[in-house]
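Colleague: below: sequence and its predicted model.
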Amino acid sequence: IDVSNHQGNIDWNKVKNAGISFVMIRAGYGIGDVDARFKQNIEGASKAALNVGIYWFSYAHTPDRAAAEADFMLKTIDPYKSKINMPVCFDWENDSDNYVKKTYGITPDKTLVSNMAKAFLIKVEQAGYYASNYTNIDYLKRFYTDEINNRFDIWVAQWASNCTWTGNYGIWQYGGETNKIESNKIDGISGTVD
């Protein structure tokens, strides 16, 4: 499952008992913004003996800014390094794209987004974590070069009954607001969860 502040207070023992084996936790976004429930989520998930991965929502507009986001994230997650045994992911989405256009007047392209992902993910690897890129199939094609898609593991978000990405990937997120395979309700979490 994929959780952030949006899921509210989570009963991690109920989540574990519901058959969930791992969780991807949003640690934060941009530079300086830690998810309001990051500490609560990582401590609760770890105490319930779930495997834990991390993602950081990016608002970067340059590779240097993406590297700075990675540095801030790494400081945020460092106290929990021994609890993180799943990927640590770069997450650049539609809101990121819109923010960069509106705030900086930049229209991100494949070269820019790929260079930002590379700058972020290399920092993650250098810190001793397994680096992965979170994205959807449209963005895999439009914003990431083959170098990125082949170099780093991918967490593919495709809300469908099967994953149609033909390239390499390590995680497939198959559900969200519309879940094609199973319920998006998990015991211990109020509301929907990806």
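Modeller: On my side now, so go ahead.

Colleague: packing partners for the helix ranked longest in the chain?
Modeller: Taking DSSP state H as the criterion, the chain has its longest helix at helix 110-126. Secondary-structure packing of helix 110-126 (3 or more Cβ pairs under 8 Å, 6 or more residues apart in numbering; DSSP states H and E): helix 63-77, strand 88-91, strand 131-136, helix 146-151. Backbone N, C-alpha and C define where each C-beta goes, glycine included.

Colleague: how about these in CSV, adding mean pLDDT, distance to Tyr29 and mean neighbour count?
Modeller: Shown next, in CSV, are those (pLDDT from 0 to 100; distance: least, Cβ to Cβ, whole Å; neighbours: other Cβ atoms under 10 Å):
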stretch, mean pLDDT, distance to Tyr29, mean neighbour count
helix 63-77, 98, 8, 20
strand 88-91, 98, 8, 28
strand 131-136, 97, 13, 24
helix 146-151, 95, 20, 15
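
Colleague: out of the ones you listed, which gets nearest to Ala36?
Modeller: Ala36 lies closest, by Cβ to Cβ, to one member of these: helix 63-77, at 12.5 Å.

Colleague: what's in contact with that closest one?
Modeller: 27-28, 30-32, 34, 38, 42, 54, 56, 58-60, 84, 88, 90, 112, 115-121, 123-124, 127 (Cβ atoms under 8 Å, 6 or more residues apart in numbering).

Colleague: Trp159: how many residues sit nearby?
Modeller: Here the count is done by other Cβ atoms under 10 Å, and Trp159 has 16 residues near it.

Colleague: Ser82 now?
Modeller: 7.

Colleague: for it, give me the pLDDT.
Modeller: If you check Ser82, the pLDDT there is 97.

Colleague: so it, which of the three states?
Modeller: The three-state label given to Ser82 by DSSP: H, G, I helix; E, B strand; the rest coil is helix.

Colleague: just Ser190 next, same as before
Modeller: Following three-state DSSP, we place Ser190 in the coil state.

Colleague: how about it: what's its closest non-neighbour residue?
Modeller: Gly8 (6.0 Å; Cβ to Cβ, 6 or more residues apart in numbering).

Colleague: which ones are touching that neighbour?
Modeller: Arg37, Ile189, Ser190, Gly191.

Colleague: so how far is Ala117 from Asp35?
Modeller: Separation of Asp35 from Ala117 (Cβ to Cβ, to the nearest Å): 20 Å.

Colleague: looking at the two, which is more packed in?
Modeller: Taking neighbours as other Cβ under 10 Å, Asp35 and Ala117 compare with Ala117 leading, 30 against 22.

Colleague: and the more buried one, what is it in contact with?
Modeller: Going by Cβ under 8 Å, 6+ apart, Ala117 touches Ala66, Phe90, Trp92, Asn133, Tyr144, Ile148, Phe152.
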